[in-house]
Each structure stands twice: as C-alpha cells, then as structure tokens.
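[1] model this:
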Amino acid sequence: MSAPKLTKYLFWMAEVLLLASTVGMAVWLSRPGEWRPLLLVVLLLAFALLGERFSVDVSDGQLGVSTIVIVLAIGLLGPGPAAACGVAAMISTSAARRLPPVHWLNNLTAFAVPAFTGGLLVRALVSNVHGVHSQQLAQSVVFGLLVFGAFIVFIGLNFLLNELEACVEEGRSLPRQVREYLPLLPAELAAGALATTLVVAYLSIGLPALFAAIVLLLIFRHLTVALLRSEDRAEQLQARSRQLVGLQLGVLRTLVRALGMRNKTSGRHAAAVARYARDLAIELGCDEDELDMIHAAGLLHEIGKFTWPDRVLHAEVIEDEDLALVKNHPQEGAILVGALDGYGPVADAILYHRERVDGGGYPAGLIGKEIPLGSRILAICSTYDTITAPDGYRSPMTPDEAMDELRHSAKNGQFDSELVESFIAVLEREGPTFAQDADFETELEFERRVREMAEPRSADPPRSSHASSPKPRPRSLRSGALDLGQRALHKG
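    Here you go, the predicted model:
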C-alpha cells in the first residue's frame, strides 16, 4: 500500500532539496583541474548521454554503461564531473523511456547524489589524483582499491534512494526489495570492477585505454544482445514444448478419466498397478529411468480399452465374437502412448503386457525374456490387483490366495516365476494391499511429467543398471483360451 499524499509530497520536496543541494555543492566545490583533460570530460559525458543506447534490458533489470561512466568520472575527474555524468545519464534514460516527472526527479537524485558523494570521498582520500604516474604501480593499485570503495558507496546510496522512493510510491517493503536486488548485485560488482580496472589502465596508458574499452563495450553489448535473444528464443521454445507435451499428455489423461467415468474401477486400478509395478522394479534394482517408465506404463496400460463398447467393458465373460477386439487393446494403447515423445519404451511395455512367458500370449506370442521387463512386471501387478480388489464384479481373493494363484500361473507358463517371487517378497514387506488406495492424479504427477518431458534430452540414451530384455522379434498373432487375469478384462 502506497504512502498518503502528504508523505509523498514531503518526500518529493526532500528529493528536490537534496538534488539542489548536491548541484550547488558540486558547483561550489568544483576545481578547474577536475574538468581536464577536456577530451576525457567530453568523452564521459557523451557516453553518459548515449548510455541508453548501449543498455540492454534483462529479466532482473538493465545492463548498461552508466555505472561504468560514473565510476570513471569519480576516479579520474572529481565530484563535480561525476555528478554531471550522473545527471546526463539519467536525463537520457528518463527522456528515452518517457517517464513521469516524479520518476525523473528520483532518477536524477539517485544518481547525482551518490556520484557526487563518491567523487568527494576519493578526493578527500587522495591529495593529488592526477599526480599518480604509470611508474608508481603500487600507488595505482592502492588508488584502484579506493575507487572501488567509492563505487561501493555509490551503489549503496543509489539503492537506498531508489528503494525509499519505491517504499513511498508503491508501499513495497525494504526486505523484499533487498531480495529482488540481490540477483543484480554480481553484475553491478562486475561493472564496478571493470570501471576500476579502466581507471588504473588510464593512469598507466592514458586515453588509448579508454578508446580500447569503447571497442570492448560495443563488442560486449553486441554479444550480450545476441545471447539474450538466444535465451528468449530458447525460453519461448521451451514454453511451446511444454504446451505441446501438456496437450499430448493431457489427452491421454482425459482418455483415462473418460474410461473411469464409464468404468469406476479403471482409475484406481491404474494407480494401484503403477504403484505395485514401481515397487517391484525397485526390488529388482532398476534405475530411475526404468522406474519412471514402468510406473508410467502402469498408469496408462488400460488406455486402449477406451475403444471398447460398453457391452465388452462391463462384461464379466467375454463373448467369442469380441475376443479380437479384446486382444487388440494393447496395440491401441501402445499407439496412443507412443505418440508422446520419449514414451516409446512405455508404449512397448503396454503393447506386450498380455504376453505369456510360454509364448501363448498376444499380440506377438513372445517367449520368456523376449517380453520386455516392464511388460512382465505389468502382467503380474495388473493380475494381482484385479483378483484382490474389493471394487470388482467378482468376490475378491484373499492376498494369500492371490499369491498362490500367481505362483500357480507362473508354473503354467503365464508369468515370469522369478518376478512373481520378487513381487511376493514386496507384498510381504510392504503389506499385501499397500497400493489399493492409490490415486490416479497423485500417481500421474502431471506437472512434473510435462516439465521433464519438455526438457532437452541428450543424444545418447541413458544407460541402465539393470540388464535389458532382448528386443522382441515379431511373431504371428496367436489365439488361445483366456487365462488368469484375462477373464475379467474390464479390470486387468
């Protein structure tokens, strides 16, 4: 909340008096020697007036030459020329940006007063600035330290005057402004260090050092503008990538939600399978990329059932004429998920999660380790949740009965027996139904997935610490009797 009008008027009057006093002191205390050499004075004033043209706007503020010019005037000339450079820089900036009168007043005060103070401080500490010669290197270094100290005083007073104005005009708290200023401080210190170096170089070399600095500043500005444009384009591209990824992933999320509206158990089942599958993958020693892939496959493994009509989706027993439609749902789901960039392994896990280790599954009739690890995990976790869930159409099995059924099915060639034993070990440790209260939206972590999927990826794929399964070889589709976990496909 901004201050009352009376407080603002008093503050503006104080700024006017402070600025007028500074100008008066600068004229009164000015020495003829401060304005020599004339070429240096003209050069610095010209840079101060043209400083706006060399400034570059950044997200946290502005990069410009005004501070460098003022520090050069503080160190090489004196308080009067330093104040004049501050006034010239702010006239240029305020006019170019068409600021209102109160901001003109604040800008002039916030630069003229600190510049004059810094110049006065240097003059008080050094009896004869222009008596320092290039041969006296030690004295030049000491003088450089004094100039840098005056620069610290300059930016401190500049910050204080600017932030007092913000407190009065906008009601902003001083601690908040300090936090906002801190990211700019390294750039300010770098500018001060550069200006101090130029002061010492001028004392040793003369005007050629400043002319060389002009060339360097022009090159620096050109490179900075190019870099900032590149960063802006990268940020825009990143934002567009996130929008595209969010749209694609959002479509899949919407399909799962729509499937859940048709079948109330789908969302909970998907979340439970994802959590079971992730814990089993952890038990197997999979790395983070594999864990995330298997978890995502668990969340989306049923998405292909969106294409089923209600008579199939809600059927307790699948009719013979619908078997082809049922067996096609892994392929439909894999096509939908595979459209997401980087989700190819997730699509593969979904595509083959109805395979059997004895080769009697679908859609490709893969055998044993030909089936991707993620698919073998999904097959076990999906079946277990289907036969133990309390929200199904059938009476659920007890956890012990379900574990026995998994072992029995593994002996009959449906599941990987080693993975079944690992999964049972997880259930005995974590609890037999630890994932049944999982929530789809919580497990999906939509914003995180969008953010990570939109990040640039390296050209080389990440290496896995877990031995990967051989690439499945294509086989002709096989038909077969529905086995465990496929008798109630509206849940599995």
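[2] contacts, neighbours, all on C-alpha from now
    Will do.
[3] is it true that residue 243 lies in a helix?
    Yes. Counting by DSSP: H, G, I helix; E, B strand; the rest coil, residue 243 is located in a helix.
[4] quick one: it from residue 250, how far?
    10 Å (CA to CA, to the nearest Å).
[5] Residue 422 too?
    Relative to residue 250, residue 422 is positioned 34 Å away (criterion: CA to CA).
[6] And residue 380, by the same measure?
    Distance, residue 380 to residue 250, by CA to CA: 27 Å.
[7] more crowded one of these two?
    Between residue 380 and residue 250, residue 380 has the larger neighbour count (other CA atoms under 10 Å), namely 27 against 15.
[8] Tell me which helix or strand that one sits in.
    Per DSSP states H and E, residue 380 falls inside helix 373-388.
[9] Run the chain-centre distance for that helix.
    Computed by CA atoms, centre = their mean, to the nearest Å, the chain-centroid distance of helix 373-388 equals 35 Å.
[10] Check stretch 117-128 too.
    The answer for stretch 117-128 is 46 Å, by CA atoms, centre = their mean.
[11] List the buried residues in the helix or strand where residue 402 lies.
    Per DSSP H and E: residue 402 is located in helix 399-411. Across helix 399-411, burial judged by 16 or more other CA atoms under 10 Å covers 399, 402-403, 405-407, 409-410.
[12] Please export the C-alpha coordinates of that helix as CSV.
    Only the C-alpha atoms of helix 399-411 are listed here, as CSV (Å, rounded to 0.1, in the frame of the first residue of the first chain):
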residue,chain,number,x,y,z
PRO,A,399,-4.0,-61.9,-0.5
ASP,A,400,-2.7,-65.4,0.4
GLU,A,401,-5.0,-67.0,-2.2
ALA,A,402,-3.9,-64.5,-4.8
MET,A,403,-0.2,-65.1,-4.1
ASP,A,404,-0.8,-68.9,-4.5
GLU,A,405,-2.6,-68.2,-7.8
LEU,A,406,0.3,-66.1,-9.1
ARG,A,407,2.7,-69.0,-8.3
HIS,A,408,0.4,-71.5,-9.9
SER,A,409,0.1,-69.3,-13.1
ALA,A,410,3.9,-68.9,-13.2
LYS,A,411,4.3,-72.8,-13.2
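[13] After it, which helix or strand is next?
    helix 417-430.
[14] So which elements touch that following helix?
    helix 266-283, helix 373-388, helix 399-411 (3 or more CA pairs under 8 Å, 6 or more residues apart in numbering; DSSP states H and E).
[15] Format those as CSV; extra columns: mean pLDDT.
    Shown next, in CSV, are these (pLDDT from 0 to 100):
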stretch, mean pLDDT
helix 266-283, 92
helix 373-388, 94
helix 399-411, 95
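[16] got CSV for those, with distance to residue 173 too?
    Shown next, in CSV, are the helices and strands packed on helix 417-430 (distance: least, CA to CA, whole Å):
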stretch, distance to residue 173
helix 266-283, 46
helix 373-388, 54
helix 399-411, 60
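[17] what ranges of the stretch 301-450 of the chain fall below the confidence cut-off?
    392-393, 446, 450 (pLDDT under 70).
[18] same thing but 80
    307, 310, 312-318, 322, 340-342, 391-394, 444-450 (pLDDT under 80).
[19] helices or strands next to the strand or helix carrying residue 296 in the packing?
    For residue 296, the host element (DSSP H and E) is helix 288-300. Packed against helix 288-300 by the contact rule (3+ CA pairs under 8 Å, 6+ apart) you find helix 266-283, helix 344-351, helix 373-388, helix 440-444.
[20] can you list the residues that contact the last one?
    In other words, helix 440-444. Residues outside helix 440-444 that contact it (CA atoms under 8 Å, 6 or more residues apart in numbering) are 267-268, 270-271, 274-275, 296, 299.
[21] buried sites along that helix?
    By 16+ other CA under 10 Å, the buried positions in helix 440-444 come out as 440, 443-444.
[22] and what of the longest one?
    Neighbour counts over helix 266-283 (16+ other CA under 10 Å) mark 266-281 as buried.
[23] and if you look at stretch 322-332?
    Residues 326-332 are the ones in stretch 322-332 that count as buried (16+ other CA under 10 Å).
[24] Inside helices: which ones of the residues you listed?
    Using DSSP state H, 326-327, 329-332 are the members of the buried residues of stretch 322-332 that sit in helices.
[25] Export these to JSON lines and append columns for distance to residue 345.
    Shown next, in JSON lines, are these (distance: CA to CA, whole Å):
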{"residue": "326", "distance to residue 345": "22"}
{"residue": "327", "distance to residue 345": "20"}
{"residue": "329", "distance to residue 345": "17"}
{"residue": "330", "distance to residue 345": "14"}
{"residue": "331", "distance to residue 345": "14"}
{"residue": "332", "distance to residue 345": "15"}
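[26] Looking at these, spot the one nearest residue 38.
    Nearest to residue 38 out of those is residue 332 (CA to CA; 80.6 Å).
[27] just checking, that closest one touches residue 302?
    No. Assessed by CA atoms under 8 Å, residue 332 is found out of contact with residue 302, at 9.6 Å.
[28] Neighbours of residue 49, how many?
    Residue 49, neighbours per other CA under 10 Å, totals 19.
[29] Verify the stated contact: it with residue 92.
    Yes. Using CA under 8 Å, residue 49 is in contact with residue 92, at 5.3 Å.
[30] How is the protein partitioned into domains?
    5-205, 238-454 (automatic domain parsing).
[31] just to revisit the earlier point, can you tell me which two in the contacts of helix 440-444 are farthest apart?
    268 and 296, at 14.2 Å, using CA to CA across those.
[32] one step back: angle of the helix holding residue 296 against helix 266-283?
    Counting by axes from the mean of the first three to the mean of the last three CA atoms, to 10 degrees, helix 288-300 lies at 160 degrees to helix 266-283.
[33] how big is the angle separating helix 288-300 from helix 373-388?
    Using the same axes, to 10 degrees: helix 288-300 against helix 373-388 is 40 degrees.
[34] from the middle of its chain, how far away would the very next helix or strand once past helix 288-300 be?
    As assigned by DSSP H and E, the chain's next helix or strand after helix 288-300 is helix 310-313. In terms of CA atoms, centre = their mean, the centre of helix 310-313 is set 44 Å apart from its chain centre.
[35] Pull helix 310-313 out as CSV, backbone CA atoms only.
    Extracted as CSV, the C-alpha positions of helix 310-313 are listed here (Å, rounded to 0.1, in the frame of the first residue of the first chain):
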residue,chain,number,x,y,z
ASP,A,310,-19.9,-50.9,-23.0
ARG,A,311,-21.0,-54.4,-23.6
VAL,A,312,-17.4,-55.5,-23.6
LEU,A,313,-16.2,-53.1,-21.0
